[in-house]
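**Student:** generate coordinates for the sequence data below:
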Amino acid sequence: MFDPTTTKNRQIAIVLAFASMTTPIAGFHKFYLGQPGWGIVYLLLSWTPIPHIASAIEAVWYLTQDDTRFGNNSISAPQSSLPLPLHPINTVTQSIRELDKLRADGLISEYEFEQKRRQWLDRA
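**Tutor:** So this is what the prediction gives:
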């Protein structure tokens, strides 16, 4: 079964991109890289030279990239942009301190402070 989250082989993508230049149908490398939307666009435009030229450019682009940069271009499993806390208690206490500063500055009410503080303490 096709899994778009797996790491793709750069050499296979290069061969498929070069093949898209020479065959009447283009876009196989896009399907391989887990980009079916672009693959369909390439297939629909195969009667024009546009996807064939784009495939040639992408083949050269894949050739010039190292494996790390190439791996960043393919689809991978979603990752959270938030850093994982080292220790949840430290995170909660720091968050409560910051919340208290907002309360002291008058940006949130006492009621809002207490609600949020209880939520964080219940999670910890």
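**Student:** biggest helix in the chain by residues?
**Tutor:** With secondary structure taken from DSSP state H, the chain has its longest helix at helix 88-104.
**Student:** now it: mean pLDDT?
**Tutor:** Mean per-residue pLDDT for helix 88-104: 80.
**Student:** following element in sequence after that helix, please.
**Tutor:** The helix or strand immediately downstream of helix 88-104 is helix 110-123, counting by DSSP states H and E.
**Student:** and stretch 94-109, which residues are buried?
**Tutor:** Across stretch 94-109, burial judged by 16 or more other C-beta atoms under 10 Å covers I96, L99, R103, I108. The C-beta positions use only the backbone N, C-alpha and C, and glycine is treated the same way.
**Student:** residues contacting the second one?
**Tutor:** Spelled out, that is L99. Counting by C-beta atoms under 8 Å, 6 or more residues apart in numbering, L99 touches I108, F113, K116, R117.
**Student:** enumerate the positions of stretch 18-38 that are buried.
**Tutor:** By neighbour count on 16+ other C-beta under 10 Å, the buried set for stretch 18-38 is 18, 20-21, 26-35, 38.
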